[in-house]
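Visitor: got a predicted structure plus its sequence, pasted below:
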Amino acid sequence: MLISSLGISTALVYAATCISIPMPKPLGVWHIGDVASFIVAILYGPFIGAFACGVGPMFFDVWNPLWGSSFIIWAPATLIIRGFMGFLIGKTRKIIPSKPRLSEIIAMVIAAIQKNICYFLYDYFLFGPVAYLDLVTFFPLSAIDIIITIPLLSSIRKLLKIEYYVVS
């Protein structure tokens, strides 16, 4: 069950990241991979979340069907930054036990801030001050991703009749 959960989750995050629009450097691409990442990390927890959220988008950076290896320069950072994002969401998703949905929103906000700041720092290292464009675009996109994730996660839970997956 663990191996299949890792594979399916990683493939889901990769596929969602492939649904993307390229932007000028340093912005990379705008994609819906974070929505899949949020859902996977919330449903499966920190370890599957870390693996799927790091490896899926890293595979996109290494090779994707639309632009090949155009984003390979981000692959090492993506593995670490998004892997930590998945771990962070999975770990903090139940921070307020009496308010699970609020906890999940807080977890997504904290993780999005971490991801955006880390990518800004990486892009600043690569491209210099033009990386400030990251801060202008990343945070509104993260807000949209969170807004999309909330009803989608609710629908998935109703359809599958689960709160969280327990993988053994």
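Guide: Right, received. Where do you want to start?
Visitor: if I follow the layout properly, residue 157 ends up in contact with residue 165?
Guide: No: with contacts defined as Cβ atoms under 8 Å, residue 157 does not count as touching residue 165, sitting 10.7 Å away. The way it works is simple: take the backbone N, C-alpha and C, and place the C-beta from them, glycine included.
Visitor: neighbours of the closest residue to residue 11 other than its chain neighbours, how many?
Guide: Using Cβ to Cβ, 6 or more residues apart in numbering and skipping the chain neighbours, the partner closest in space to residue 11 is residue 56 (7.1 Å). Neighbourhood size, residue 56 [other Cβ atoms under 10 Å]: 27.
Visitor: go on, the one 3 residues further on?
Guide: By other Cβ under 10 Å, the residues close to residue 59 number 19.
Visitor: can I assume it sits in a helix?
Guide: Yes: looking at residue 59 with DSSP: H, G, I helix; E, B strand; the rest coil, it is inside a helix.
Visitor: number the chain from 37, please
Guide: Okay, using 37 as the starting number, the last item reads as residue 95.
Visitor: residue 52 is in contact with that one, correct?
Guide: No: assessed by Cβ under 8 Å, residue 95 is found out of contact with residue 52, at 11.9 Å.
Visitor: from residue 71, how far off is residue 144?
Guide: 10 Å (Cβ to Cβ, to the nearest Å).
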